[in-house]
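Asks: What follows is a predicted protein model with its sequence.
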Amino acid sequence: MEAANGNGEVAVQLATAADIRSFDREAVTQCGVTPLWLMEQAGLRVVEFIERQHPSLAGLRVTVLAGKGNNGGDGFVVARHLLGAGARVRVLVAARLDEVRGDALTNLRMLPPSAVQVITSTRQLPKIRTALEGSELVVDALLGTGVTRSVEGLLARVIEAVNQSKRPVLAVDLPSGLHADTGAMMGAAVRARWTVTLALPKRGVVLPPGAVCAGEVWLGELGLPQSFVGSRTTAVQVNTARSIAPLLPQRKSTAHKGDAGRLLIIGGSVGMAGAPMLAARAAFRAGAGLVTVGLPAGLEVAAKEVVMEAMTLSLPTTAEGCLAESAVALVQTRWARMHALAIGPGLGRDHGTLEFVRRLLPLAQMPMVIDADALGAWSGRLKVLASTRAPKVLTPHPGELAELMGTSVAVIERDRIAAAQAAAQATRSIVVLKGARTVIADSIGATTLNLTGNAGMATAGSGDVLTGVIAALIAQGLSPRVAAKVGVYLHGIAGDLAAAELGQPSLMAGDLIEWLPRAWQQTQPTALAPPGRLMLLR
């Protein structure tokens, strides 16, 4: 389930359908287990999750919807164990019995015939609706990772009945009707409240729109040796609290403020002075010891009232009140002792300001975070950006990445993982593609998907906060790649904690800053529950 990479990080591997087929095949050949044993373990993890929700299974009314394949076989295992615990279980098989084969058939034969009803025609839909209406829980085991074309006919109608029933649904491995690799809804798709994904999480349960259908996602181990599971590697990873916790920077008891990281933030313009100050406040909350904010002359007085702890650097301006190209020389006099640079929040698109960015960044020798309008300076100049010497983290939203790469937002959103990977390679940078399921990609092909955060964070200034957090982590000694992953994770956790208290519609960027300490505390190793065979995938 988890694997250590060359940087000592432990990450959960995110699998495609092909990865899962390889995993199962190699588990049999290398671990001496059988496919029947794997199916039994899968079903047991689902039952264990049900017991989390319903400590007493006796009398629990459950409908198990099963297909003809291995996903249906998992459902048969679930039904058998629930029946053994005293639950009132009805198994609806949406296939002819002669279509059920192999290990799925073996497990079907273990069920009492009185608990099984075969559904082969849409004329039986009223019986399905009646069963669903009388259920406290619906287990979806209709379709697995093999769905590659649109779900039609009887199965589509059964899925529609499940969704219309409004009953709580637990999906086995992934909701039926989702494409395992992309999360696309293949015609009809089950909308689950929970999904227990097995062995390795499938991309389809964490990528939109599949993530919406999957609900709360739990990862279930199959009891295989850690030496085997830990050796699995896939193209995309998803980090969790358990994998992020060891990466958090630690402060020595003898540390002084210079040891905690010196950060220079450059941004601001007339009407947008608040953006770099949000980044500065976030940087302090993320552990930076010293933060200097470079601003257009005239804005520093008001800025000091917002973040009293920050130092300011007054920079030359254009006639419009934006940073002038001539500010390069003054910035250079102040950055010799800095550990990191963040540039872009509230910068504006004045011609002189963009020229300032283009002249400054090739001279920088410290790691930097490039955000917002500073990204716009490099549209059509990817080769120049790629040639800059210092390590770079780019933090675009889809619109900014589309402009940078000369494409459309629709293309970016169609495959966010591929878009981030392409941008990382073209710019030789770490690319943080913000949005629902933020993607972190580097130029050598390592890609991470972030699962924390919520729609309430779609608010002005949220990206400025993220810039400050990532830059502060770099200033404290984390590599840009690790800082990007840790920063995105903590930023999302802060948003989740704030939304739980305030509600998503009420969130403001400042709330994320105030909740960063709680996010940090929640992710510390001492705050994590001991690992088990089920883990919330977040």
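Replies: That came through, no problem.
Asks: could you check the distance from residue 376 over to residue 431?
Replies: Going from residue 376 to residue 431 by C-beta to C-beta, to the nearest Å gives 15 Å. Using the backbone N, CA and C atoms, a C-beta is placed for each residue, glycine as well.
Asks: Give me the below-cutoff pLDDT ranges for the stretch 151-300 of the chain.
Replies: Under the criterion pLDDT under 70, no range of the stretch 151-300 of the chain is flagged.
Asks: Please repeat the previous calculation with a cut-off of 80.
Replies: Scanning the stretch 151-300 of the chain for pLDDT under 80 picks out the ranges 230, 253-256, 258-260, 300.
Asks: ditto for the chain
Replies: Along the chain, the parts satisfying pLDDT under 80 run over 1-11, 230, 253-256, 258-260, 300-306, 529-532, 538.
Asks: Show me the helices in the stretch 201-350 of the chain, by range?
Replies: Ranges of helices within the stretch 201-350 of the chain are 210-214, 226-229, 241-244, 274-285, 300-306, 327-334, based on DSSP state H, counting those that start in this stretch.
Asks: same deal with the stretch 1-150 of the chain?
Replies: 17-31, 35-53, 70-84, 102-109, 125-133.
Asks: Check which helices and strands the third one is in contact with.
Replies: When contacts are defined as 3 or more C-beta pairs under 8 Å, 6 or more residues apart in numbering; DSSP states H and E, helix 70-84 packs onto helix 35-53, strand 61-66, strand 88-93, helix 102-109, strand 137-141, strand 169-172.
Asks: Point out the one among those that comes closest to residue 534.
Replies: helix 35-53 (5.8 Å; C-beta to C-beta).
Asks: ok and the closest one relative to helix 70-84, angle-wise?
Replies: 50 degrees (axes from the mean of the first three to the mean of the last three C-alpha atoms, to 10 degrees).
Asks: would you list every one of the helices in the stretch 401-538 of the chain?
Replies: Here the stretch 401-538 of the chain has its helices, by DSSP H, counting those that start in this stretch, at 409-414, 416-427, 462-475, 480-502, 509-523.
Asks: just those: most buried one?
Replies: helix 462-475 (a mean of 30; mean count of other C-beta atoms under 10 Å).
Asks: Restricting the selection to alpha carbons, write it to CSV.
Replies: Coordinates of each C-alpha in helix 462-475 appear next as CSV, following Å, rounded to 0.1, in the frame of the first residue of the first chain:
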residue,chain,number,x,y,z
SER,A,462,-6.3,31.5,-0.9
GLY,A,463,-3.5,31.1,-3.4
ASP,A,464,-1.4,33.8,-1.8
VAL,A,465,-1.6,31.9,1.5
LEU,A,466,-0.4,28.7,-0.3
THR,A,467,2.6,30.7,-1.8
GLY,A,468,3.6,31.9,1.7
VAL,A,469,3.4,28.4,3.2
ILE,A,470,5.4,26.7,0.5
ALA,A,471,8.1,29.4,0.4
ALA,A,472,8.4,29.3,4.2
LEU,A,473,8.9,25.5,4.1
ILE,A,474,11.6,25.9,1.5
ALA,A,475,13.3,28.6,3.7
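Asks: What helices and strands are in contact with it?
Replies: Packed against helix 462-475 by the contact rule (3+ C-beta pairs under 8 Å, 6+ apart) you find strand 262-266, helix 274-285, strand 340-343, strand 368-370, helix 480-502, helix 509-523.
Asks: re earlier: could you identify which of the helices and strands packed on helix 70-84 is most buried?
Replies: strand 169-172 comes out most buried of those by mean count of other C-beta under 10 Å, with a mean of 29.
Asks: just checking, next helix/strand downstream of that strand?
Replies: Once the chain leaves strand 169-172, the next helix or strand it forms, by DSSP states H and E, is strand 194-198.
Asks: Can you list the buried residues in that following strand?
Replies: Of all the residues in strand 194-198, those buried under the rule 16 or more other C-beta atoms under 10 Å are 194-198.
Asks: now swap in stretch 78-97 and tell me
Replies: Result for stretch 78-97 [16+ other C-beta under 10 Å]: buried residues 78-83, 85, 87-95.
Asks: which two from these end up farthest apart in space?
Replies: Largest separation among those by C-beta to C-beta: 85 and 95, giving 26.1 Å.
Asks: neighbours around the spatially closest residue to residue 297 that is not a sequence neighbour, how many?
Replies: Among residues not flanking residue 297 along the chain, residue 314 sits closest, at 4.5 Å (C-beta to C-beta, 6 or more residues apart in numbering). By the criterion of other C-beta atoms under 10 Å, residue 314 has 16 neighbours.
Asks: so residue 314 makes contact with residue 301?
Replies: No - here residue 314 does not reach residue 301: they are 9.3 Å apart, not a contact under C-beta atoms under 8 Å.
Asks: May I have the secondary structure class of residue 155?
Replies: Secondary structure, DSSP: H, G, I helix; E, B strand; the rest coil: residue 155 is helix.
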